[in-house]
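Asker: sequence and predicted model, in that order:
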Amino acid sequence: IEQGRVGAVSIWHYGHNIHDFEKVLKKGFSGIKKDAEDRLARIDLTEPDDLKKVPFLESVILVMEAAAEVGKRYAARARELAETEDDPARKAELHSIAEACEWAPANPARTFHEALQSLHFTWFMLQWESWGSQGRIDQYLYPYYVQDLREGRITEAEAQELIDCYIIKLN
């Protein structure tokens, strides 16, 4: 390996990619999987152009199923940590993390915390595969923030702490 190259093939990905994080927030990976399953069920196997779509749709289903499970693994770990935690505030925080991870990113985000968690899981899975920007997170997280404020699920200070922790996590 020599300055980002293996032989004559570059191992670095350059460019600007904005992935559809908003779709993940609105549908969750399970919802995207269902869309692919529904499309696969409508494939006309007698049509050559449709037949070519089968491997792609099957791979989307497989990948979305795997991606949906990521949060559950983190939820289990947060619960393990909560069991041995003596500080009641930290224990409650770990249970809150476990709840958000149990739901996200498999399902549509219902809260600001779940939306931010889904964004993070999606982003780091993308980093495993390639590189990309998170785009305008202010635009697609804002509806969850406003809804949580309106319904009393979060305060401005709590939302700020989540964002601060997220920025630290990114760095």
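Answerer: Arrived safely, thanks for sending. Numbers count the residues shown, from 1 in each chain.
Asker: Three-state assignment for K34, please.
Answerer: The assignment at K34 comes out as helix when based on DSSP: H, G, I helix; E, B strand; the rest coil.
Asker: now do the helices in the protein.
Answerer: 21-41, 48-51, 54-83, 88-103, 112-129, 137-150, 156-170 (DSSP state H).
Asker: in the longest one, which residues are buried?
Answerer: Of all the residues in helix 54-83, those buried under the rule 16 or more other CB atoms under 10 Å are 57, 60-61, 63-64, 67-68, 70-71, 74-75, 78-79, 81-82. C-betas here are computed from N, CA, C, even on glycine.
Asker: R110: which of those is nearest?
Answerer: For those, the closest approach to R110 (CB to CB) belongs to G71, at 13.4 Å.
Asker: my guess is that closest one contacts I97, does it?
Answerer: No: the criterion here is CB atoms under 8 Å, and G71 misses it with I97 at 10.3 Å.
Asker: quick check: A82 touching L94?
Answerer: Yes: using CB under 8 Å, A82 is in contact with L94, at 3.8 Å.
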